[in-house]
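Student: what would the 3D arrangement of this be:
(2 chains)
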Amino acid sequence: ETGVTQTPRHLVMGMTNKKSLKCEQHLGHNAMYWYKQSAKKPLELMFVYNFKEQTENNSVPSRFSPECPNSSHLFLHLHTLQPEDSALYLCASSLYGDRGHGYTFGSGTRLTVV
Amino acid sequence: TQLLEQSPQFLSIQEGENLTVYCNSSSVFSSLQWYRQEPGEGPVLLVTVVTGGEVKKLKRLTFQFGDARKDSSLHITAAQPGDTGLYLCAGAGNTGTASKLTFGTGTRLQVTL
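Tutor: Have a look, this model is predicted:
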């Protein structure tokens, strides 16, 4: 248990489904992130939230929709995904602006789009 | 775009051997971090280096940040099977993006008995 909890751990969804990934942290961190990890590719930053305000959208397709209701919770809403969206989706949190402070990652959601 | 190249990509060694993993970029970073990721889990922070030339030791692991803050290395002495995993370096932006990390391409290490 790292302090960042992601649910579900595994998700299989059809291309026409709508689902949501959830991330929760109670570490007192003020920044939260969504990363995508695919085979043979570096971790790709998707979204950054600082004090629940989105500060970065890394050219992510609109079929991925983030939501950050407060500094402790982060969601990623999914709809009409493609098979190439299958990947490990990682949530992380940190103290924003502190270059000496690392990220705390959740265990990820393994997403398979069929 | 800041890119971090790690080498080697894959490394399979026997228990007791030493190894070094490299993380290189043409960009300057305000800090650099190393993570280890095991199958089915998220990356776990090992160390953060902030000052150019800085060396940090964590038991059998030695981390160095290049003088110009563009590169880093991780040296493992007497590797053990528990060191097996994906090692990731990550650089933090220089100004205004201090918490935005760019991750390296990764080095997958396997240590066998």
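
Student: low-confidence ranges, chain B, go.
Tutor: When residues are selected by pLDDT under 70, those of chain B lie in B:1-2, B:94-99.

Student: tell me the phi and psi of the residue in it positioned nearest to chain A?
Tutor: The minimum distance from chain B to chain A, using Cβ to the nearest Cβ, falls at residue B:42 (3.2 Å). Using the backbone N, CA and C atoms, a C-beta is placed for each residue, glycine as well. Torsion angles at residue B:42 (phi, psi; degrees, to the nearest 10) stand at phi -80, psi 160.

Student: now it. Nearest residue, chain neighbours left out?
Tutor: By the measure of Cβ to Cβ, 6 or more residues apart in numbering or on different chains, the closest residue to residue B:42 outside its immediate chain neighbours is residue A:105, 3.2 Å from it.

Student: verify the stated contact: the residue of chain B closest to chain A with residue A:109.
Tutor: No. Contact status for residue B:42 versus residue A:109: not in contact, 10.3 Å apart, counting by Cβ atoms under 8 Å.

Student: can you pull up the bridge partners for residue B:73?
Tutor: Beta-bridge pairing for residue B:73 (DSSP bridges): residue B:22, residue B:64.

Student: residues contacting it?
Tutor: For residue B:73, the contact set (Cβ atoms under 8 Å, 6 or more residues apart in numbering or on different chains) comprises B:20-23, B:63-64.

Student: can you say which of those residues are buried?
Tutor: The neighbour-count criterion (16 or more other Cβ atoms under 10 Å in any protein chain shown) marks B:21-23, B:63-64 among these as buried.

Student: mind listing the strands for chain B?
Tutor: Per DSSP state E, chain B has strands spanning B:5-7, B:10-14, B:19-24, B:31-37, B:44-49, B:55-58, B:61-65, B:71-76, B:85-92, B:101-103, B:107-112. These are given in chain order.

Student: how about JSON lines for those, with distance to residue A:43 added?
Tutor: Compiled in JSON lines, the strands of chain B are given as follows (distance: least, Cβ to Cβ, whole Å):
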{"stretch": "strand B:5-7", "distance to residue A:43": "12"}
{"stretch": "strand B:10-14", "distance to residue A:43": "18"}
{"stretch": "strand B:19-24", "distance to residue A:43": "14"}
{"stretch": "strand B:31-37", "distance to residue A:43": "9"}
{"stretch": "strand B:44-49", "distance to residue A:43": "13"}
{"stretch": "strand B:55-58", "distance to residue A:43": "22"}
{"stretch": "strand B:61-65", "distance to residue A:43": "19"}
{"stretch": "strand B:71-76", "distance to residue A:43": "17"}
{"stretch": "strand B:85-92", "distance to residue A:43": "7"}
{"stretch": "strand B:101-103", "distance to residue A:43": "4"}
{"stretch": "strand B:107-112", "distance to residue A:43": "14"}
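
Student: tell me which of those strands sits nearest to residue A:21.
Tutor: strand B:31-37 (18.5 Å; Cβ to Cβ).

Student: cool, thanks, signing off.
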